[in-house]
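1. Dropping a prediction and its sequence here:
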Amino acid sequence: MKAIILAMLLFAVPVSASAKMSDEDCARVSGYILFAAMGRDLGSHPQDILAGLVGRGLEHDAAMSILEAVFLTMPDASPDEVAISFFNYCTSEAV
């Protein structure tokens, strides 16, 4: 299930024409995920996290996908675990 959500995140985040994201893009998105998961753990409201993600330049749909993964799919995972899982999946050969 985690792999499905992480794959959905890959397609929600705007990237260049290539299907595979660069390591730098994977790290950037992992940073967004870490931000959202840390906010979740600190008790921030999802709308506030959404505003923060969009304010950092992320498209609304991509930000919503991150919130879904952080709040609904992996609610018990630590921020580091969610971000590292995404980064590892994103940079793997499976993508």
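-> Thanks, I have it.

2. Averaged pLDDT, stretch 34-54. What do you get?
-> Across stretch 34-54, pLDDT averages out at 97.

3. low-scoring stretches of this structure, by residue?
-> Along the chain, the model assigns pLDDT under 70 to residues 1-19, 93-95.

4. what about the helices in it?
-> For the chain, the helices defined by DSSP state H cover 2-12, 23-41, 46-55, 60-67, 79-91.

5. Output those helices in TSV; the columns should cover mean neighbour count and distance to T73.
-> In this view, the C-beta of every residue, glycine as well, is placed from N, C-alpha and C. Below are these laid out as TSV (neighbours: other CB atoms under 10 Å; distance: least, CB to CB, whole Å):
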stretch	mean neighbour count	distance to T73
helix 2-12	16	5
helix 23-41	19	11
helix 46-55	15	13
helix 60-67	18	10
helix 79-91	19	9
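
6. how close does the spatially closest residue to H60 that is not a sequence neighbour get to Q47?
-> Of all residues not flanking H60 in the chain, V54 sits nearest, at 5.9 Å (CB to CB, 6 or more residues apart in numbering). Note on V54: its distance to Q47, by CB to CB, to the nearest Å, is 11 Å.
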